[in-house]
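S.K.: Need the 3D shape of this:
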Amino acid sequence: MTQPAAATVQSPPNVRRKRIFITAAEASGDQHAAELVRSLKELDPSLDIEGLGGSKMAAAGVKLLEETVGKAAMGWRGALRAFEASRWMDRVSARYREARPDLHICVDSSAINLPFARLAKEKFGVPVLYYIAPQLWASREGRMTQLREFVDHVACIFPFEEQYYRSHGVQATFVGHPLFDELPVDRAARRGSGQRFPSAAPVIGIIPGSRRSEVEANLPHLIEVMDGIRREFPTATFQVPTTAASNSLVQEMLRKRTDVTVKQDGFDELVPRCDLVITKSGTSTVHVAAWRVPMIVIYRINPLLWELVGRWVVRTKKIAMVNILAGQVDLVPEFIPWYGSNRPVTECALEFLRHPERLADQRAKLEALMAPMDRPGASLNAARLALSLLGAY
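M.R.: Model prediction:
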């Protein structure tokens with residue numbers, strides 16, 4: 001979203017500096033929060049910003065009370081993490097009593113952040129901004145009551161979310177997607193103009209997840225898919241971007257392979273090289289789409305867990321975000337939940353490689369889908385919202 005130059009707020013001398021507390025619990029939240037902090041500092045360099053998060057938030061100038069990103073998990077491991085979250089809650093509550101902030105910003109991760117929103121609003125009377133709105137339109141709509149009660153404003157990253165939340169009585173504003181603030185400016189050059197498949201050997205991206213638990217669930221099966229692709233396309237190579245949380249495990253699981261490139265924080269270097277990406281569901285699907293690279297979306301899940309919980313919680317017919325943005329059409333193939341045989345995913349990838357025109361068709365559709373969203377400004381727009389809640393902008 002193109003915006004006019006940001007005006008900087010100057011705090012009068014001898015006036016207490018405004019305090020903001022930010023909570024994030026995953027690698028993507030850490031990244032988005034870091035960009036938001038940079039925008040906040042640009043608008044008002046005097047702000048004191050503390051929080052829970054990871055190394056990127058710290059590098060952006062956040063004084064971390066706890067490191068909460070490195071051990072992010074889902075499923076039963078995520079449930080066990082609730083014990084750790086209880087300790088975080090105690091530490092944040094104690095810090096609030098020492099120095100009450102003027103604003104609390106929750107970033108993504110509703111399971112972790114809605115309790116923090118409640119703590120801030122109910123116990124300490126601190127206004128709350130929620131950035132990267134929880135996807136209650138997809139599941140857990142029952143949390144809407146908490147959102148209405150404990151969150152003053154929601155900063156939405158998808159256009160349809162603003163009306164959805166407003167229709168449920170929640171103040172909401174579409175600010176744009178932070179991904180487009182964070183992508184390299186030389187994207188056209190990175191896509192390259194050299195030979196690509198089918199004139200050259202196929203390059204396949206493999207994105208098993210940013211958390212160790214996701215890698216443990218997805219990568220062993222993706223390795224079998226990789227082997228199936230290599231049997232028919234023996235010159236195929238694979239690109240595997242990782243995060244700080246997942247890198248060591250991915251390196252260990254792929255250590256004997258010579259057909260794989262693994263790089264920590266290498267998403268924007270490796271994905272543009274790819275002709276096709278097989279990615280776990282989540283933020284990464286929009287990230288791949290931003291590079292206009294065709295994809296297959298997967299998420300490995302225990303079938304019993306899906307039958308007992310997942311199928312009753314998930315409300316959308318499609319789960320891959322690119323399909324939801326496209327209006328529930330099958331723009332990209334998705335295997336969610338993915339359990340049982342790995343052969344259907346392998347065959348889907350092989351069909352793309354046997355018929356390269358299908359890759360070209362999906363690439364064109366991704367271009368049409370992403371073009372209206374592909375503009376920077378989300379972080380600055382969210383920062384302006386934050387300062388409006390502080391009464392400073």
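
S.K.: Could you use CA atoms for every contact and neighbour count after this?
M.R.: Noted.

S.K.: mind listing what residue 260 touches?
M.R.: Applying CA atoms under 8 Å, 6 or more residues apart in numbering, we find residue 260 in contact with 237, 238, 239, 240, 254.

S.K.: What distance do you get for it to residue 195?
M.R.: 20 Å (CA to CA, to the nearest Å).

S.K.: distance of the residue nearest to the spatial centre of the chain from residue 130?
M.R.: The residue lying closest to the centre of the chain (CA atoms, centre = their mean) is residue 283, at 3.7 Å. Distance, residue 283 to residue 130, by CA to CA: 17 Å.

S.K.: According to the record, where do the domains of this structure fall?
M.R.: Listed by automatic domain parsing, the domain ranges of the chain are 19-176+377-390, 187-370.

S.K.: Run the chain-centre distance for the first one.
M.R.: On the basis of CA atoms, centre = their mean, to the nearest Å, domain 19-176+377-390 is displaced by 14 Å from the centre of the chain it belongs to.

S.K.: pLDDT on that domain, on average?
M.R.: When pLDDT is averaged over domain 19-176+377-390, the result is 88.

S.K.: now the helices: where do they sit in the stretch 51-200 of the chain?
M.R.: 55-59, 75-98, 110-118, 124, 144-150, 159-167, 179-182, 187-191 (DSSP state H, counting those that start in this stretch).

S.K.: Tell me which other helices or strands the shortest one touches.
M.R.: Pointing back at helix 124 there. Other helices and strands packing on helix 124, by 3 or more CA pairs under 8 Å, 6 or more residues apart in numbering; DSSP states H and E, are absent; none qualifies.

S.K.: before we move on, the earlier item: which one of the helices of the stretch 51-200 of the chain lies nearest to residue 318?
M.R.: The closest of these to residue 318 is helix 159-167. By CA to CA, the value is 15.7 Å.

S.K.: Can you list the buried residues in that closest one?
M.R.: 161, 162, 163, 165 (16 or more other CA atoms under 10 Å).

S.K.: returning to that earlier point: could you dump the helices of the stretch 51-200 of the chain into a markdown table and include distance to residue 318?
M.R.: Formatted as a markdown table, these follow (distance: least, CA to CA, whole Å):
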| stretch | distance to residue 318 |
| --- | --- |
| helix 55-59 | 32 |
| helix 75-98 | 20 |
| helix 110-118 | 20 |
| helix 124 | 39 |
| helix 144-150 | 21 |
| helix 159-167 | 16 |
| helix 179-182 | 22 |
| helix 187-191 | 29 |
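
S.K.: Between those, which one is closest to residue 218.
M.R.: With CA to CA as the measure, helix 75-98 is the member of the helices of the stretch 51-200 of the chain nearest residue 218 (13.2 Å).

S.K.: give the contact list for the residue nearest to residue 386 when sequence neighbours are not counted.
M.R.: Nearest residue to residue 386, sequence neighbours excluded (CA to CA, 6 or more residues apart in numbering): residue 129, at 6.7 Å. Neighbour list for residue 129: 103, 104, 105, 106, 151, 152, 153, 154, 155, 386, 389 [criterion: CA under 8 Å, 6+ apart].

S.K.: Residue 129 and residue 117, how far apart?
M.R.: 9 Å.

S.K.: what's the overlap in contacts for those two?
M.R.: The contact sets of residue 129 and residue 117 overlap at 104, 106, 151 (CA under 8 Å, 6+ apart).

S.K.: Can you tell me, leaving aside adjacent residues, what's nearest to the second one?
M.R.: Nearest residue to residue 106 in three dimensions, chain neighbours excluded: residue 130, at 4.8 Å (CA to CA, 6+ apart).

S.K.: quick revisit: quick one: which of the helices of the stretch 51-200 of the chain is nearest residue 264?
M.R.: Proximity to residue 264, assessed across these by CA to CA, is greatest for helix 55-59 (13.9 Å).

S.K.: Just confirm residue 38 contacts residue 58, I think it does.
M.R.: No - Residue 38 lies out of contact with residue 58 (CA atoms under 8 Å); the separation is 11.1 Å.

S.K.: Look up phi and psi at residue 197.
M.R.: Main-chain dihedrals, residue 197, degrees, to the nearest 10: phi -60, psi 140.

S.K.: Please name the residues that touch it.
M.R.: Shown in contact with residue 197 (CA under 8 Å, 6+ apart): 203, 275, 356.

S.K.: how close does the closest residue to the second one other than its chain neighbours get to residue 266?
M.R.: Put plainly, it is residue 275. Nearest residue to residue 275, sequence neighbours excluded (CA to CA, 6+ apart): residue 203, at 5.5 Å. Using CA to CA, residue 203 is found at 15 Å from residue 266.
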